[in-house]
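Chemist: Following is a predicted model, sequence given first.
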Amino acid sequence: MHVGLGKRVEQHVDEGQLPATESHGVPVPLTQLQHRLPFGQTRAWHEPHGAVGKLDHVLARGEVGKVGVPIAHLGHMRTLLDGIPPRDMNTSMTINAPAAWLLSLYVAHASEHGVDSRELRGTTQNDVLKEYLSRGTFIFPPAPSRRLTVDTIIWCAQHAPKWNPMNVC
């Protein structure tokens, strides 16, 4: 089940699209950020993130907000996660090329709430080869993509040890 359509998580719960839960898994509907709840539902990052990288790009016209919540800046992340304590979340982000950038927004949001990156729990797919081999929706050439992936792994190892920086699919 994919949710989003430009709405905050709480709005989906209120409308009955997501069940309210006491679990520590918090659904974050951003397309390609898949978030799995204990009962197996999936949330995904907004498709233009993975396909063109920028929400205002000409190729993204007509697609923004269709599936998932578009996140273009920290203000969008704040709105999306408003009222959800970052310390209690365990988020799985199935996003590839923009993974480092979206993770940085997530970390910045947590920091604003007094949560150190060392406390954050979750997973970033961050598998750039998948974009080349199976989807054809890559943003960067292979060498810079690989570098960004490795840099994200190194940063997580040093600053977010509870975060799984890569999930190969």
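Modeler: Received the coordinates, thanks.
Chemist: I figured Ile71 hits Met77, correct?
Modeler: Yes - contact criterion C-beta atoms under 8 Å: Ile71 and Met77 qualify, at 5.8 Å. Every C-beta, even on glycine, is put in place using the N, C-alpha and C of the backbone.
Chemist: which stretch of helix or strand covers the residue nearest to Arg87 when sequence neighbours are not counted?
Modeler: Beyond its immediate neighbours in the sequence, the residue positioned closest to Arg87 (C-beta to C-beta, 6 or more residues apart in numbering) is Val115, lying 4.9 Å away. According to DSSP states H and E, Val115 maps onto no helix or strand at all.
Chemist: hang on, Val115 packs against Ile84?
Modeler: No - Val115 sits out of contact with Ile84 when judged by C-beta under 8 Å, with a separation of 11.5 Å.
Chemist: Can you list the low-confidence ranges for the chain?
Modeler: Where the chain drops to pLDDT under 70, the residues are 1-69, 135-137, 169.
Chemist: ok, which stretches of it are strands?
Modeler: 90-93, 121-124, 163-164 (DSSP state E).
Chemist: And the contacts of the shortest one?
Modeler: Meaning strand 163-164. By C-beta atoms under 8 Å, 6 or more residues apart in numbering, the residues outside strand 163-164 that reach it are Leu103, Ser117, Leu120, Arg121, Gly122, Thr123, Thr124, Cys156.
Chemist: isn't the last one right up against Val150?
Modeler: The reference is to Cys156. No - look at Cys156 against Val150 with C-beta under 8 Å: they stay out of range, at 10.8 Å.
Chemist: between the two, which one's more packed in?
Modeler: Higher neighbour count among Cys156 and Val150: Cys156, with 23 against 13, using other C-beta atoms under 10 Å.
Chemist: can you pull the contacts of the more buried one?
Modeler: Contacts of Cys156 (C-beta under 8 Å, 6+ apart): Thr124, Trp163, Asn164, Pro165.
Chemist: how does it look with 7 Å?
Modeler: Trp163, Pro165 (C-beta atoms under 7 Å, 6 or more residues apart in numbering).
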